[in-house]
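Q: Could you look at this predicted model? Sequence included:
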Amino acid sequence: MPRSQINGNFIDKTFSIVANILLRIIPTTSGEKEAFSYYRDGVMSAQSEGNYAEALQNYYEAMRLEIDPYDRSYILYNIGLIHTSNGEHTKALEYYFRALERNPFLPQAFNNMAVICHYRGEQAIRQGDSEIAEAWFDQAADYWKQAIALTPGNYIEAHNWLKITRRFK
């Protein structure tokens, strides 16, 4: 039984029911339907419950089946989220880059990349390497500028940081 059918969360169950109805009435191939099922199981069930290994398995299977670049971008983004949550920042950045190659309009990917770069800048400061820190902060600024350009009015804290550090031009 798919994981989405055994989840006890009312909202998740409602989403799953609506998604199953839509899958039946919208003309899609069986491969697209199967890919969406794996994606849904990764997002709505495994990832939301913190079962990252299971979520990754679902996402990898969805990637194997999904052919649409836009849909693949969200799968890659979610894989990046899991690696971020696990502290695997290099892997996370790789998946965010891959997501953006397929869909350059993912401000949340730019934001997450900026957060990782900012974190690495803070680590460099703690290690006494201000030159490396500045390079990471500059990279974070570039990513936040891209996220803000895509969604003006969002990422207020990032916008304020850019102003305070005089990186917003």
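A: Sure, I can see it.
Q: Is there a neighbour count for residue 79? I'd like the number.
A: In terms of burial, residue 79 registers 26 neighbours under the definition other C-beta atoms under 10 Å. In this view, the C-beta of every residue, glycine as well, is placed from N, C-alpha and C.
Q: Helix or strand: which one has it?
A: Assigned by DSSP states H and E, residue 79 belongs to helix 69-85.
Q: Show me what secondary structure element comes after that helix.
A: Next in sequence after helix 69-85, counting helices and strands by DSSP H and E, comes helix 89-102.
Q: Show the average pLDDT along whichever helix or strand comes after that following helix.
A: Sequence-wise, the next helix or strand beyond helix 89-102 is helix 107-126, with elements assigned using DSSP H and E. In this model, helix 107-126 carries a mean pLDDT of 98.
Q: can you pull the buried residues of the helix holding residue 79?
A: 71-84 (16 or more other C-beta atoms under 10 Å).
Q: between these, which is nearest residue 166?
A: Distance to residue 166, by C-beta to C-beta, is smallest for residue 84 among the buried residues of helix 69-85, at 27.6 Å.
Q: Would you point out the most distant pair within the buried residues of helix 69-85?
A: Spatially, the most separated pair among these is 71 and 84, at 20.6 Å (C-beta to C-beta).
Q: Tell me the spacing between the residue lying farthest from the centre of the chain and residue 161.
A: The centre of the chain is farthest from one residue, residue 128, which by C-alpha atoms, centre = their mean lies 31.0 Å away. Here the distance between residue 128 and residue 161 works out to 22 Å (C-beta to C-beta, to the nearest Å).
Q: cool, and residue 138?
A: As defined by C-beta to C-beta, residue 138 lies at a distance of 12 Å from residue 161.
Q: which of those two has more neighbours?
A: For the pair residue 138 and residue 161, the greater number of neighbours falls to residue 161 (18 against 13), based on other C-beta under 10 Å.
Q: need the contact list for the more buried one.
A: With contacts taken as C-beta atoms under 8 Å, 6 or more residues apart in numbering, residue 161 has the following neighbours: 118, 144, 167.
Q: does it belong to a helix or a strand, and which?
A: With elements delineated by DSSP H and E, residue 161 resides in helix 156-164, which encompasses its position.
Q: still on that earlier bit, what's the helix or strand for the residue farthest from the centre of the chain?
A: With elements taken from DSSP H and E, nothing contains residue 128; it lies in neither a helix nor a strand.
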